[in-house]
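Asker: Please find the sequence and the predicted model below.
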Amino acid sequence: MTRTGATAHTITTPRLGRRAWLFGVASLLCLGDAHPVAAQPLVFRISTENTPTHFQTLVVQRFADTLAGKTRGKLAVEFHHSAQLFRDQDVIRALSDGKVDMAVPGNWQLDRYDPYVSALMLPVLMGRSAAEHHRFRDGRAGQLISQHLAESINVVVPGRWIDLGFAHVFTTGKAIAGYQDMAGMRTRIAGGAAIAAQVSAVGAVPTVVPWPDLPNVLQQGRIDGLLTTHETVASARLWDMGVQHATENMSYFAQYIPVVSRSCWERLSPDLRLAVQQSWESVVDDARAQSSSAQQEARRTLQAHGVRVMDLSPQALQAWRQELMKGQAALARSLGIPDTLLAEAERQFGRAP
């Protein structure tokens, strides 16, 4: 609309002959073919919450670097650690909302979304070797869990899971020589109904504390201990926050599960999907091998800083597992663990402690 009194301006060009006009159009078309506009890379944002020196952070960084190199500019890979984007307890929602494309949360963060994941914390699995855990998780049980998890939270699991290692009991006051010593202990857990049930079964008080908040909570004396790994304690120097004792009871075997949002996956071409899978697979075996070494090195670091590490005797470890297994069937029912997974665990490890 032209306001009253205003003059509308019309832009004109000199009149050209028809041949000249056609020639000009053809020239422009040729120029367009000669200089195509470069496709913009797809942004691929990865979120984790661990600190820069943590083992998981280093593994995911290698994956990100490998993926960036393999895709040669088609993906702009952005890796954000230290909860710069999201804490792991919030990252599944962020994946669903399209605010991040990939995350690598611990299995203990995922059972609230899918009861199948709770099978990884069954009492019968406590105190088993890493090799036994790998056979269980890389086999039929792990495949069922990955498939069901993908459906439950609308993600793609691009490959096998990477190890963090065994979670043990760490305390700020008394040492723990057996499950009886856990009574009344306010014990930090990262999350997960199955872990909470395991802690409660020996009389302790499970307390969920997000990892970034843990140093302050320890210093304020609001918890008496925590379930986590040597590497995790060492990476955050938790001896400076009051951790004095470690009891190696192998409460559970912690792993990280890679998840890519379904909406992101569907935007990727087949070659980019393959690149994600291959890049992830390229770090898994090395990551697992290094995790064991990293945990042993972290154990030595803890001892060097005054943390007293106690090995449980086989008898004490069996007694602990036996106490937990008293309620295994009821626990499985309450958590919604399907009979197929419970049967698979009992097939591999037996019903007796």
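Answerer: Now that the structure is in, tell me what you want to look at.
Asker: now what about whatever helix or strand residue 91 lives in, what contacts it?
Answerer: Assigned by DSSP states H and E, residue 91 falls within helix 88-96. When contacts are defined by C-beta atoms under 8 Å, 6 or more residues apart in numbering, helix 88-96 is touched by residues 47-49, 85-86, 100-103, 105-106, 109-110, 113, 153-155, 190-191, 210-211, 259, 261. Every residue, glycine included, has its C-beta placed from N, CA and C.
Asker: Of the residues you listed, grab the buried ones for PyMOL.
Answerer: The PyMOL command for the buried members of the contacts of helix 88-96 (criterion: 16 or more other C-beta atoms under 10 Å) is given here:
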select buried, resi 47+48+49+85+86+100+101+102+103+105+106+109+110+153+155+190+191+210+211+259+261
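Asker: Mind checking which of the contacts of helix 88-96 land in helices?
Answerer: Of those, the ones assigned to helices by DSSP state H are residue 153.
Asker: Looking at the contacts of helix 88-96, which are in strands?
Answerer: Among the contacts of helix 88-96, the members falling in strands (DSSP state E) are 47, 102, 103, 155, 259, 261.
Asker: Identify the farthest-apart pair in those residues.
Answerer: 47 and 155 (13.1 Å; C-beta to C-beta).
Asker: If it's not too much trouble, I'd like the ones in strands among the contacts of helix 88-96 exported to CSV so that pLDDT and distance to residue 184 sit alongside each entry.
Answerer: As requested, the ones in strands among the contacts of helix 88-96 are exported to CSV (pLDDT from 0 to 100; distance: C-beta to C-beta, whole Å):
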residue, pLDDT, distance to residue 184
47, 98, 36
102, 99, 40
103, 99, 35
155, 98, 39
259, 99, 36
261, 98, 42
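Asker: could I get those residues as a markdown table with distance to residue 182?
Answerer: What follows is the ones in strands among the contacts of helix 88-96, written out as a markdown table (distance: C-beta to C-beta, whole Å):
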| residue | distance to residue 182 |
| --- | --- |
| 47 | 33 |
| 102 | 36 |
| 103 | 31 |
| 155 | 35 |
| 259 | 32 |
| 261 | 38 |
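Asker: Which neighbouring elements make contact with the strand or helix carrying residue 251?
Answerer: Residue 251 is part of strand 245-256 when elements are defined by DSSP H and E. Contact here means 3 or more C-beta pairs under 8 Å, 6 or more residues apart in numbering; DSSP states H and E; on that basis strand 245-256 packs against helix 130-138, strand 162-171, helix 193-201, strand 308-311, helix 314-325.
Asker: Go through those and pick out the most buried.
Answerer: Comparing the helices and strands packed on strand 245-256 by mean neighbour count (mean count of other C-beta atoms under 10 Å), strand 162-171 ranks first with a mean of 25.
Asker: Neighbouring strands of it in the sheet, and parallel or not?
Answerer: strand 225-228 (antiparallel), strand 245-256 (antiparallel) (DSSP bridges).
Asker: Residue 168: which of the ones you listed is closest?
Answerer: Here strand 245-256 is closest among the strands paired with strand 162-171 (C-beta to C-beta), at 4.9 Å.
Asker: list the buried ones in the helix holding residue 91?
Answerer: In helix 88-96, counting by 16+ other C-beta under 10 Å, buried: 88, 89, 90, 91, 92, 94, 95.
Asker: ditto for stretch 180-187
Answerer: 181, 182, 185, 186, 187.
Asker: I'd like the distance between the third one and residue 169.
Answerer: Read it as residue 185. Separation of residue 185 from residue 169 (C-beta to C-beta, to the nearest Å): 8 Å.
Asker: joint contacts of these two?
Answerer: Joint contacts of residue 185 and residue 169 (C-beta under 8 Å, 6+ apart) are 176, 225.
Asker: Quick check: closest non-adjacent residue to residue 164.
Answerer: Counting by C-beta to C-beta, 6 or more residues apart in numbering, residue 164 lies nearest to residue 254, which is 3.9 Å off, once chain neighbours are set aside.
Asker: what pLDDT does that neighbour get?
Answerer: Looking at residue 254, its pLDDT stands at 92.
Asker: what sits against it?
Answerer: So residue 254 contacts 106, 107, 108, 163, 164, 165, 166, 167, 229 (C-beta under 8 Å, 6+ apart).
Asker: for the residues you listed, which one is nearest residue 347?
Answerer: The closest of those, once distances to residue 347 are taken by C-beta to C-beta, is residue 107, at 20.6 Å.
Asker: Just give me the neighbour total for that closest one.
Answerer: 25 (other C-beta atoms under 10 Å).
Asker: In the protein, what helix or strand scores lowest on average pLDDT?
Answerer: helix 18-34 (a mean of 43; mean pLDDT, DSSP states H and E).
Asker: out of the strands paired with strand 162-171, which comes closest to residue 140?
Answerer: Across those, closest to residue 140 is strand 245-256 (C-beta to C-beta), at 16.6 Å.
Asker: Put the alpha carbons of that closest one into CSV.
Answerer: Taking C-alpha atoms only, strand 245-256 is exported to CSV below (Å, rounded to 0.1, in the frame of the first residue of the first chain):
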residue,chain,number,x,y,z
HIS,A,245,37.7,-45.6,52.5
ALA,A,246,36.9,-47.9,49.5
THR,A,247,35.4,-51.4,49.8
GLU,A,248,35.7,-53.4,46.6
ASN,A,249,32.3,-55.2,46.7
MET,A,250,31.7,-55.0,42.9
SER,A,251,28.1,-53.7,43.5
TYR,A,252,27.5,-53.5,39.8
PHE,A,253,29.3,-53.3,36.5
ALA,A,254,28.8,-49.9,35.1
GLN,A,255,28.6,-49.3,31.3
TYR,A,256,27.7,-46.4,29.1
